[in-house]
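Visitor: give the three-dimensional model of this entry:
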Amino acid sequence: MIKAKNSDDKLDTLLSRSVVPIIDLAHCGIEEVPVKSVVNRVGHQLKKALSEKGMALLVNHGISDEKLKTAWDHLDDFVDLSPDVKQHYIRTDGDKHGYVSRGQPRFDGKAPELRHAFNISTLNAQNLPEEPLPGFADHISTLATDFKALASFILQAMAVSLDIPNTFFLEKHSHMLSGDHDNMSSLRMLYYPPVVDDEPGQNDVIKGRCQYSYQRCLSNQPDFRPEHNPRDEDDLNEVDGPNGQLFEHKLGNGAVIHCPAHVDYGTFTLLAQDSEGGLEVKLPGSEKWNRVGHLPGSILVNCGQILNIWTQERYPALQHRVVIPEQEHIRARGRHSIAFFCHPDNITMISPNDLPNPDAAQDKACLKQRKKSFKAAKERVYNAYQLIQKKFRDTYSNNNHS
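Guide: Residues are numbered from 1 along each chain as shown. Predicted coordinates for the structure are as follows:
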């Protein structure tokens with residue numbers, strides 16, 4: 001059985017209290033033709049996990065620890081390259097794909113980028129640093145393909161969980177990692193250096209950063225191949241403010257929050273981490289924040305807002321935030337993560353009327369409200385690309401008036 005590190009075992013987490021659902025994907029056949037019986041089993045487990053908790057930990061998912069560690073080693077090796085070499089792979093305007101360096105100025109000209117990140121939005125490996133780092137392009141492209149395959153399996157299992165055809169979600173996510181013009185899905189490799197408390201101003205710089213960094217769509221134009229790429233604005237997070245300034249939030253005990261409460265915008269997110277990093281969630285129906293905990297070798301899946309809309313809130317988008325861990329041994333170590341943000345194709349229409357709701361007829365208390373929601377949905381249905389823009393504008397407006 002997989003066990004967490006001894007130093008992390010002492011933490012009071014949802015995992016230590018056996019609250020986090022754990023789903024075993026062994027023998028699932030994630031490749032082209034998944035094993036039907038496993039898809040059905042996982043679908044039923046996802047139904048319970050996502051409806052009750054908004055998340056689950058996936059084990060035996062087919063992406064080995066060694067493959068993840070090698071990817072993080074490649075990222076570390078890239079970070080160690082000279083600046084003039086890394087410059088060739090910096091993410092450019094009009095392209096999500098590429099490297100985002102630590103320390104480069106953000107929009108406000110004051111707060112620097114705190115992490116190293118390499119974004120993969122297409123499986124075309126031509127812009128990966130193969131020449132200075134032999135093996136990088138092949139390994140990272142393969143890893144991105146593995147995450148895409150895992151996401152495809154989860155999409156099929158989710159369809160089973162909702163009693164709809166297995167291919168329903170697959171058909172609406174057919175262009176994952178084909179580029180932002182077609183689909184906003186992306187793989188992001190991240191490295192966060194250690195938090196060193198005795199460095200003057202270190203914690204001030206950390207304030208407001210977010211493990212779940214997620215790009216916004218800023219263009220108001222419904223052009224699915226825009227000249228202005230909505231992701232050009234460098235690394236706007238779920239909680240970044242106007243002009244990219246950072247919101248600083250503190251808990252009652254004075255602890256600094258890396259990232260205030262938010263939900264992801266897409267269908268779901270897959271997250272692999274190499275250690276416990278301060279991720280906290282607010283479970284559906286609860287107002288209490290809980291540390292999730294870390295299960296080595298597992299991948300966390302959590303619901304996003306698009307899935308919440310599609311399922312008429314049966315699968316709630318998980319509220320989460322990231323705090324700077326108070327444990328000194330956690331703060332003092334660097335950490336890595338890989339996030340796969342799963343999104344529908346840009347032109348996919350998102351409506352709560354797309355899926356059947358077997359509970360609607362029985363739930364008379366909510367029937368009137370659902371009819372009202374359906375009427376509103378019929379009046380204005382957004383595609384995935386437009387919906388992300390709308391969610392961004394709503395958040396933007398709320399932050400401006402808070």
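Visitor: any idea which element Ser337 lies in?
Guide: Using DSSP states H and E, Ser337 sits within strand 335-342.
Visitor: sheet partners, orientation included, of that strand?
Guide: strand 186-192 (antiparallel), strand 268-273 (antiparallel) (DSSP bridges).
Visitor: and the gap between the closest residue to Pro352 other than its chain neighbours and Val79?
Guide: Nearest residue to Pro352, sequence neighbours excluded (Cβ to Cβ, 6 or more residues apart in numbering): Gln312, at 4.6 Å. Using the backbone N, CA and C atoms, a C-beta is placed for each residue, glycine as well. Remark: distance between Gln312 and Val79 (Cβ to Cβ, to the nearest Å) = 44 Å.
Visitor: what of Tyr89?
Guide: According to Cβ to Cβ, Tyr89 and Val79 sit 11 Å apart.
Visitor: so these two - more neighbours on which side?
Guide: Shown here are Tyr89 and Val79; by other Cβ atoms under 10 Å, Tyr89 has more neighbours (19 against 15).
Visitor: backbone dihedrals for the more buried one, please?
Guide: phi -120, psi 10 (degrees, to the nearest 10).
Visitor: my guess is it contacts Glu130, does it?
Guide: No - taking contacts as Cβ atoms under 8 Å, Tyr89 lies outside contact range of Glu130: 10.5 Å.
Visitor: how about the strands in the stretch 301-402 of the chain?
Guide: 319-323, 335-342, 349-350, 382-383 (DSSP state E, counting those that start in this stretch).
Visitor: nearest to Val160, out of the strands paired with strand 335-342?
Guide: Closest to Val160 of these, according to Cβ to Cβ: strand 268-273, at 15.0 Å.
Visitor: now that closest one: average pLDDT?
Guide: Averaged across strand 268-273, the pLDDT comes to 96.
Visitor: repeat that for stretch 343-362.
Guide: 80.
Visitor: neighbours of Ser64, how many?
Guide: For Ser64, using other Cβ under 10 Å, the count is 11.
Visitor: what does the pLDDT read for it?
Guide: Confidence score, pLDDT, at Ser64: 95.
Visitor: before we move on, what about Lys67?
Guide: Confidence for Lys67, expressed as pLDDT, is 96.
Visitor: my guess is it is in a helix, correct?
Guide: Yes - assessed with DSSP: H, G, I helix; E, B strand; the rest coil, Lys67 lies in a helix.
Visitor: that one and Leu81, how far apart?
Guide: Lys67 is 22 Å from Leu81, by Cβ to Cβ.
Visitor: kindly report the same for Ser298.
Guide: With Cβ to Cβ as the criterion, Ser298 and Leu81 are 31 Å apart.
Visitor: who has more neighbours out of the two?
Guide: Ranked by neighbour count (other Cβ under 10 Å), Ser298 and Leu81 place Ser298 first, with 22 against 16.
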